[in-house]
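**Q** Turn this into a structure:
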Amino acid sequence: MAFEEKQAWALAVIAVVGYAVYLLIVLNGADGRPLTEAPYVGAMLWTIGGGIVAGIVAGIWFGIAARNDGLQSDERDREISRFGDHVGQSFVVIGGVSAMVLAMVEAPYFWIANVLYLSFVLSAVLGSLTRIAAYRRGLQ
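**A** Next comes the predicted model:
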């Protein structure tokens, strides 16, 4: 398995686990109140920060392992990475437009922030799954 494929798996898992932790914290924090009144900012910042740190650690770990195995990226790896980035970025755009619409209708900040966070998570997961599929089935 290529270094980039391992990293794609790690980033997909990190994104899903981080968002699941965030949801659990926010839903427990609501404690019967409406979700818009639940404290979410701290949980969001900590899970995003934790995801970034976990992604960096995973990248370093897999990078060291690839270097020890003598593996290097080639043109195929760069094409797959670019393809995964394009798929993932589409969800960032969808999230940005959705957040803009929510702001226009003056939705609570809670929903705007959560739409953006969900779009980043979907971007990471779908971009990673696209890379994994490309490594398994090839680019066509």
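**Q** Could you list the low-confidence segments of this protein?
**A** By pLDDT under 70, the weakly predicted segments of the chain are 1, 69-73, 140.
**Q** All the strands of it, residue numbers only.
**A** Assigned by DSSP state E, the strands in the chain number zero.
**Q** could you pull out the helices for it?
**A** 3-30, 41-69, 75-104, 109-137 (DSSP state H).
**Q** and residue 47, how many residues sit next to it?
**A** Neighbouring residues of residue 47 were enumerated by other C-beta atoms under 10 Å; the total is 22. In this view, the C-beta of every residue, glycine as well, is placed from N, C-alpha and C.
**Q** Do I have it right that it meets residue 21?
**A** Yes. Shown here, residue 47 and residue 21 form a contact pair, counting by C-beta atoms under 8 Å, at 5.6 Å.
**Q** What are the contacting residues of stretch 114-122?
**A** With contact meaning C-beta atoms under 8 Å, 6 or more residues apart in numbering, stretch 114-122 is reached by 15-16, 18-19, 22, 40, 44, 48, 91-92, 94-96, 98-99, 102.
**Q** and those, which two are the farthest apart?
**A** 16 and 102 (23.7 Å; C-beta to C-beta).
**Q** Tell me which of these two has more neighbours.
**A** Neighbour totals were compared for residue 16 and residue 102, and residue 102 leads with 19 against 14 (other C-beta under 10 Å).
**Q** Now do the contacts for that one.
**A** With contact taken as C-beta under 8 Å, 6+ apart, residue 102 is in contact with 111-112, 115.
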